[in-house]
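Asks: Need coordinates for the following:
(one chain, ligands or ions: 2)
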Amino acid sequence: MTILKTTGLTKKFGDFAALDGVDIEVGKGEVYGFIGPNGAGKSTAIRVLLGILKATEGQATIFGKDVWKDAVDIHKRVAYVPGDVNLWPNLTGGEVIDLFIKLRGGNNKSRREELIRRFDLDPSKKCRTYSKGNRQKVALVAALSSDANLYILDEPTSGLDPLMERVFQECVREAKAEGKSILLSSHILSEVEQLCDKVAIIRQGKIIEKGTLKELRHLTGTMLLVETKEPMPNLAEVKGVQGIEQRDGALSFQVDQEELDHVVRYVSGFGIIRMESAPPTLEELFMRHYEGIGTGGAL
Ligand code: ADP
Ligand code: MG
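Replies: Ligands and ions are numbered 1, 2, ... in the order given. The predicted structure follows:
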């Protein structure tokens, strides 16, 4: 069942297209990673989805309803954590959480207490004294306390330490297990790799790759680590081989899927001592794409 869908979504600021024909689709119970470097258009897309910005072209629906016209209706079942969490400076964290929960018409005290404990948040402090990480925790506790069908989280872990990131990941997994859908934007690929069923990679307003991790890995081949008796002087010229690196006395490199057979044949001619293979990480996939289009892999 489709929960969120965009078709040809375009948002221009003057002549500049912050979003250019974006198609994404989030199903029920899915965690969808929306990945891209800073300035790629993630927050703009999310603001359009929330009905804060009006799209220039294209369609976007949540629960089958138009995100602009039916925003009020949609928001009853959506919880949101913005990229820059700004809170009322003179309220305490606990007061802000209560306010959000009340605005959403919920009243789940035990869930609120549980999340405050798990995120190790002191709710008695005034918001003006909170660090970025603590402001993010306030927004996360407020969002995760509410019983929404869709959670839209814009770079939710950018200010969290690794321990809290793990708490966050548990919360996302629990929400998914309850059949909720989560749209999660990030420029931190490792976070997404562990959590998401599907990812879309956005760059300069355009989706450059999307699918399940399995599908994307299939596109990108296999990582090999090989140690041979004799050196392989021409490995770099072998078709399908990329990104050769020295690693503890062995060579590590990426192989296109369709060339795997003949690359392994080539390598075996030099006397294999050790060979390990693994799917590439999303990081490697991402870097490779950027190299492919000549930006030197810069994030
Ligand atoms: P991300 O969240 O992926 O870092 P954003 O969606 O915030 O990226 O921004 C995408 C691009 O759109 C950036 O180049 C940004 O400067 C531009 N942009 C965002 N909001 C506005 C705005 N209100 N007016 C003009 N340009 C904007
Ligand atoms: Mg952003």
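
Asks: What residues are bridge-paired with Val78?
Replies: Leu150 (DSSP bridges).

Asks: Can you give me the neighbour number for it?
Replies: Per other Cβ atoms under 10 Å, the neighbour tally for Val78 reads 25. For every residue, glycine as well, the C-beta is placed using N, CA and C.

Asks: Just list the residues touching it, thanks.
Replies: Shown in contact with Val78 (Cβ atoms under 8 Å, 6 or more residues apart in numbering): Leu50, Ile62, Ala148, Asn149, Leu150, Tyr151, Ile152.

Asks: Can you pick out the most distant pair from those?
Replies: Between any two of the contacts of Val78, the greatest separation by Cβ to Cβ is 14.5 Å, found for Leu50 and Asn149.

Asks: re earlier: top of the contacts of Val78 by neighbour count?
Replies: The contacts of Val78, ranked by neighbours (other Cβ under 10 Å): first place Ile62, 28 neighbours.

Asks: Would you list the phi and psi of the most centrally placed residue in the chain?
Replies: The chain has Gly33 as the residue nearest its centroid, 3.3 Å off, counting by Cα atoms, centre = their mean. Per-residue torsions, Gly33: phi -90, psi 130 (degrees, to the nearest 10).

Asks: any idea how far it lies from Ala55?
Replies: 22 Å (Cβ to Cβ, to the nearest Å).

Asks: domain assignment for the protein?
Replies: 2-211, 222-278 (automatic domain parsing).

Asks: Quick one: end-to-end length of the shortest one, please.
Replies: The one in question is domain 222-278. From its first residue to its last, domain 222-278 covers 6 Å (Cα to Cα, to the nearest Å).

Asks: can you count the residues close to the residue nearest to Gly64 when sequence neighbours are not counted?
Replies: Of all residues not flanking Gly64 in the chain, Thr2 sits nearest, at 7.5 Å (Cβ to Cβ, 6 or more residues apart in numbering). Neighbours of Thr2 under the rule other Cβ under 10 Å: 14.

Asks: tell me the contacts of Thr2?
Replies: Shown in contact with Thr2 (Cβ under 8 Å, 6+ apart): Glu25, Val26, Gly27, Lys28, Gly64.

Asks: looking at the sheet around it, what are its partners?
Replies: Beta-bridge partners, per DSSP bridges, of Thr2: Gly27.

Asks: roughly how far apart are it and ligand 1?
Replies: 23 Å (Cβ to the nearest ligand atom, to the nearest Å).

Asks: Check that residue and give its pLDDT.
Replies: Note on Thr2: pLDDT of 97.

Asks: by contact count, what packs against the helix or strand hosting Ser110?
Replies: Remark: Ser110 resides in helix 109-118, with elements defined by DSSP states H and E. Secondary-structure packing of helix 109-118 (3 or more Cβ pairs under 8 Å, 6 or more residues apart in numbering; DSSP states H and E): helix 93-103, helix 132-145, helix 162-177.
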